[in-house]
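> Sequence and computational prediction follow.
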Amino acid sequence: MAIILAAVAFAVFEPIQVLPRIRLAPGYLLTDQNAATLTSEDVRGDIVLYNFGYTNCGEACNSMNSTMGAIRGRLDEVDTGDTAVRFVTISFDPGTDNPEVLDDYASQVGADSESWTFATAEPDHLANVVKAGFRAYYEDRGDGSFSFDPVFVLVDGWGVIRGEYRYQTSADDTDKILRHIDILGEEIRNAHGAASLAYEAAHFFLCYP
């Protein structure tokens, strides 16, 4: 019966697009640029865009920071209702990137700890969170630098990964991620009542952008 109702709702409310439910995001306990603890539970209920790098990585991180800043500056173009959008950059170089260094770096890129947090943790925990959980590759070269693949990860308020952006495509990452935040915001706003059945049907029929 539920499948029938979902199919009917889908027919009534289409066209609907949803972002895939990829997998659960990892839990974590980090230290941010204010030397405060940041956990995955602290951002529960918010839409969160993550990226990963380190303060001495140069142009690769500058490009990612520019994208994060551009998305943050254009949030008025999307509608997430009462759901906040947050940005978290996780450094995988805790030996260098202590809170003071992260705070200075955050200031340089125009970040504020309220909406855009820079954080790190002990190496073993970082490996579990970044490599195993977010599946973002990085490797210490042993000379103070790291090899890594730039990646953004979009997580919904339920702690589910809804988007992974690993490679630059013909469409600019900024525009693509903003569009996906808007799609996610619409799903969140329609998470109750008859419309929610339509969104579940859209997931069932894999109506992905």
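Happy to help now that I have it.
> what distance separates stretch 141-148 from the middle of the whole chain?
24 Å (C-alpha atoms, centre = their mean, to the nearest Å).
> Can you list the neighbours in contact with that stretch?
Identification of contacts with stretch 141-148 by C-beta atoms under 8 Å, 6 or more residues apart in numbering yields 52-54, 56-57, 60, 92-93, 96, 136-140. C-beta coordinates here come from the backbone N, C-alpha and C atoms, glycine included.
> Report the two of these separated the most.
Largest separation among those by C-beta to C-beta: T96 and Y137, giving 19.5 Å.
> ok, back up a step: check the contacts of stretch 141-148 for burial and list the buried ones.
F52, G53, Y54, C57, F92, D93, A136, Y138 (16 or more other C-beta atoms under 10 Å).
> So for the host helix or strand of the first one, mean pLDDT?
Going back to what we said before, that points to F52. Using DSSP states H and E, F52 sits within strand 47-53. The average pLDDT for strand 47-53 rounds to 98.
> What helices and strands are in contact with it?
In terms of contacts (3 or more C-beta pairs under 8 Å, 6 or more residues apart in numbering; DSSP states H and E), strand 47-53 is packed against helix 59-73, strand 85-91, strand 152-155, helix 173-189.
> Repeat the analysis, applying 10 Å as the threshold.
Contacts defined by 3 or more C-beta pairs under 10 Å, 6 or more residues apart in numbering; DSSP states H and E place strand 47-53 against helix 59-73, strand 85-91, strand 116-120, strand 146-148, strand 152-155, strand 160-165, helix 173-189.
> tell me which residues in the first one are buried?
The one in question is helix 59-73. C61, M64, N65, T67, M68, G69, I71, R72.
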